[in-house]
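*Asks:* Here is my input, please return the structure:
(chains A and B)
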There are 2 protein chains.
Amino acid sequence: MKEERPLILVTNDDGVYAPGIRALVECVRNKADVLVIAPDKPQSGMGHAITINSTLRIHKIKEEPGYSKYSCSGTPVDCVKVAVSRLLPRKPDLCISGINHGSNSSINVIYSGTMSAAVEGCIEGIPSIGFSLCNFSVDANFDASKKIAERVIEKILQSGLPEGVCLNVNIPNVEYDKLNGIKICRQAKATWVEELDERKDPMGHSYYWLSGVFQSHDNGEDTDEWSLANQWVSVVPVHIDFTAHHTIPYLKKLNF
Amino acid sequence: MKEERPLILVTNDDGVYAPGIRALVECVRNKADVLVIAPDKPQSGMGHAITINSTLRIHKIKEEPGYSKYSCSGTPVDCVKVAVSRLLPRKPDLCISGINHGSNSSINVIYSGTMSAAVEGCIEGIPSIGFSLCNFSVDANFDASKKIAERVIEKILQSGLPEGVCLNVNIPNVEYDKLNGIKICRQAKATWVEELDERKDPMGHSYYWLSGVFQSHDNGEDTDEWSLANQWVSVVPVHIDFTAHHTIPYLKKLNF
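*Replies:* Below is the predicted model of the structure:
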């Protein structure tokens, strides 16, 4: 009896033509039916934004047996919502996002469009994984990342994921042979110290570029930051219940 | 000796001219130095988006002793970053966001610009609270919400909040006398079932409006949804460590 091929949804935040998403599609193309839908332009830093005050355009780029590709004018989260509500023939077996050009470790999980797409997949009840390579360059070499992604995808297709949990996978920018392995981690405590770069437009009015310096406040060897600094692939399980359950007893005592 | 007045940062996602932020400012104006910075246009559903691929404009609307007001061309999270990095004389004692026109209970915490601004305040180490009234109308009556906000703000100015935790406060759309009180809750399990409303532009090409139907899957009486349905104000502590710690032992056993 022929086994049914898995159905995999692929998206990202760097845009449908980014090399990283091409690499991710190559990881699964031969073993699954694949639907790609990704933003028609870069959407880094879009977090969990959705498009509710304006309209969406959806453009079919390619369709052949077992493979179709779309661009969407919206955010990464919009892409997942559009795929689930309109494009996919059934709930997919997996939603994968990336491979992002640049790290999404520690607090970056919250700003990242790549991870927000995976989180949205998780909200929709789909086992979901975001992949990021610690190299921002458009010329980044995704060879090692592809091998890692294949290993993680294979495992999750077999085993699934706990309900309400997706994975944030970050891959150090080194060759595959230099990697120590894959480590399950917690999100390191870190922040960005913002810098507003003030400039003048031709009319003499100020405008600003938002930038910043990343600061980790966490030396824990069980963190994603430690893993990445020590040539381990970091895998952080991310959940969609944001309740700080451990603080409920304290807050109840405050008697609002 | 004169006691120093607290310094409070106020923002929202409905825009600097929304009635809800005016109501929130009225709650604190007399007892604190207040800096308001909010988006120059509605930014609902922007989640934790930040502006990194384009520039920001910042416009001073008002400045008088103990009170200043700015608009910003960016997202709610941008507003907090701009305030902290450039406008505030010191780290504020409180960051409050809202009062949102519409509920941000359960999974909406992740899409909400209002709550994302509070979460960003929390990341910056500021005690932070998002307030939302369960009424989307621009004519919503904020009288009860203001009384609730004053109570919660007073308490948190006195007691602070645990590290890495902010509050998601949602207020039922009833008169103050009809409220049963304030309940500390967990986030209910819920999702949106998306609907893509397809239309044709004058050239005959399709475009889409993203909308959906809210579905709660959670009957727990300890949830925010239950509280709101039963005339209780819901207060959910929200944390910025997204790690699903309880799943780490299981994932380690998978041997990636």
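
*Asks:* Counting neighbours, what do you get for the residue lying closest to A:Leu88 once chain neighbours are set aside?
*Replies:* Distance criterion C-beta to C-beta, 6 or more residues apart in numbering or on different chains; nearest residue to A:Leu88, sequence neighbours excluded, is A:Leu35 at 6.0 Å. Quick note: C-beta positions are derived from backbone N, CA and C, even for glycine. Using other C-beta atoms under 10 Å in any protein chain shown, A:Leu35 has 22 other residues around it.

*Asks:* And A:Leu35, how far from chain B?
*Replies:* 15 Å (C-beta to the nearest C-beta, to the nearest Å).

*Asks:* and that residue, what pLDDT?
*Replies:* On pLDDT, A:Leu35 comes in at 98.

*Asks:* got it, and the one 5 residues further on?
*Replies:* The predicted structure scores A:Asp40 at 97 on the pLDDT scale.

*Asks:* just checking, it touches A:Ala18?
*Replies:* No - counting by C-beta atoms under 8 Å, no contact exists between A:Asp40 and A:Ala18, whose distance comes to 11.4 Å.

*Asks:* what's the overlap in contacts for the two?
*Replies:* With contacts defined as C-beta atoms under 8 Å, 6 or more residues apart in numbering or on different chains, no residue is shared by A:Asp40 and A:Ala18.

*Asks:* Dihedrals phi and psi, A:Arg29?
*Replies:* Torsion angles at A:Arg29 (phi, psi; degrees, to the nearest 10) stand at phi -50, psi -40.

*Asks:* That one: neighbouring residues, count only.
*Replies:* Using other C-beta under 10 Å, the number of residues around A:Arg29 comes to 15.

*Asks:* For it, which non-adjacent residue is spatially closest?
*Replies:* A:Tyr67 (6.7 Å).

*Asks:* Thought A:Asp33 was touching the one you found, still the case?
*Replies:* Yes - between A:Tyr67 and A:Asp33 there is a contact under C-beta under 8 Å: 7.3 Å.

*Asks:* between those two, which one's more packed in?
*Replies:* It is A:Asp33, of A:Tyr67 and A:Asp33, that has more neighbours when counted by other C-beta under 10 Å, with 19 against 14.

*Asks:* who does the more buried one bridge with?
*Replies:* A:Leu7 (DSSP bridges).

*Asks:* do the one 4 residues further on as well
*Replies:* For A:Ile37, the beta-bridge partners under DSSP bridges are A:Tyr70.

*Asks:* For it, give me its contacts.
*Replies:* A:9-11, A:16, A:58, A:69-72, A:79-80, A:82-83, A:87.

*Asks:* give the contact list for the residue nearest to A:Leu88.
*Replies:* Contacts of A:Leu35 by C-beta under 8 Å, 6+ apart are A:Leu7, A:Ile8, A:Leu9, A:Val10, A:Tyr67, A:Ser68, A:Lys69, A:Tyr70, A:Ala83, A:Leu87, A:Leu88, A:Pro92.

*Asks:* sec struct for it, please.
*Replies:* strand (DSSP: H, G, I helix; E, B strand; the rest coil).

*Asks:* ditto for A:Asn219
*Replies:* Per three-state DSSP, A:Asn219 ends up coil.

*Asks:* okay, it: pLDDT?
*Replies:* 91.

*Asks:* Identify the residues contacting it.
*Replies:* Counting by C-beta under 8 Å, 6+ apart, A:Asn219 has contacts A:Trp226.

*Asks:* again, 10 Å this time
*Replies:* A:Ala188, A:Lys189, A:Glu225, A:Trp226 (C-beta atoms under 10 Å, 6 or more residues apart in numbering or on different chains).

*Asks:* And for A:Glu195?
*Replies:* Taking C-beta under 10 Å, 6+ apart as the test, what A:Glu195 contacts is A:Tyr208, A:Trp209, A:Leu210, A:Ser211, A:Gly212, A:Val213, B:Lys81, B:Ser85, B:Arg86.

*Asks:* Equivalent analysis for A:His59, please.
*Replies:* Contacts of A:His59 (C-beta under 10 Å, 6+ apart): A:Val16, A:Ile37, A:Asp40, A:Lys69, A:Tyr70, A:Ser71, A:Cys72, A:Ser73, B:His205, B:Ser206.

*Asks:* same thing with A:Thr11?
*Replies:* By C-beta under 10 Å, 6+ apart, the neighbours of A:Thr11 are A:21, A:24, A:35-39, A:70, A:72, A:76-80, A:82-83, A:95-98, A:113-114, A:117-118, A:120-121, A:128, A:130.

*Asks:* Dig out what it forms beta bridges with.
*Replies:* Applying DSSP bridges, one finds that A:Thr11 bridges with A:Ser97.

*Asks:* which of the contacts of A:His59 tops the neighbour count?
*Replies:* A:Ile37 (30 neighbours).

*Asks:* Distance check, it against chain B.
*Replies:* 12 Å.

*Asks:* what's the burial count for A:Val109?
*Replies:* 27.

*Asks:* Now do the SS call for it.
*Replies:* Applying three-state DSSP: A:Val109 is helix.

*Asks:* Neighbours of the closest residue to it other than its chain neighbours, how many?
*Replies:* Distance criterion C-beta to C-beta, 6+ apart; nearest residue to A:Val109, sequence neighbours excluded, is A:Met115 at 4.8 Å. When neighbours are counted by other C-beta under 10 Å, A:Met115 registers 34.

*Asks:* how about A:Met115, what does it touch?
*Replies:* A:13, A:47-48, A:76, A:97-98, A:100, A:104-105, A:108-109, A:128-132, A:166-170, A:236, A:238, B:242.

*Asks:* Can you verify it is assigned to a helix?
*Replies:* Yes - according to three-state DSSP, A:Met115 belongs to a helix.

*Asks:* sorry, back to before: of all the contacts of A:Asn219, which comes closest to A:Tyr250?
*Replies:* A:Lys189 (19.7 Å; C-beta to C-beta).

*Asks:* Just to check, the closest one is in contact with A:Ile107?
*Replies:* Yes - if you go by C-beta atoms under 10 Å, A:Lys189 and A:Ile107 touch, sitting 7.7 Å apart.

*Asks:* Overlap of the contact sets of those two?
*Replies:* Joint contacts of A:Lys189 and A:Ile107 (C-beta under 10 Å, 6+ apart) are A:Gln215, A:Ser216, B:Ile123, B:Ile240, B:Asp241.

*Asks:* Please enumerate the helices of the stretch 51-200 of chain A.
*Replies:* A:76-82, A:113-123, A:143-159 (DSSP state H, counting those that start in this stretch).

*Asks:* I'd like those helices as CSV, with mean pLDDT appended.
*Replies:* Formatted as CSV, the helices of the stretch 51-200 of chain A follow (pLDDT from 0 to 100):
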stretch, mean pLDDT
helix A:76-82, 97
helix A:113-123, 97
helix A:143-159, 97
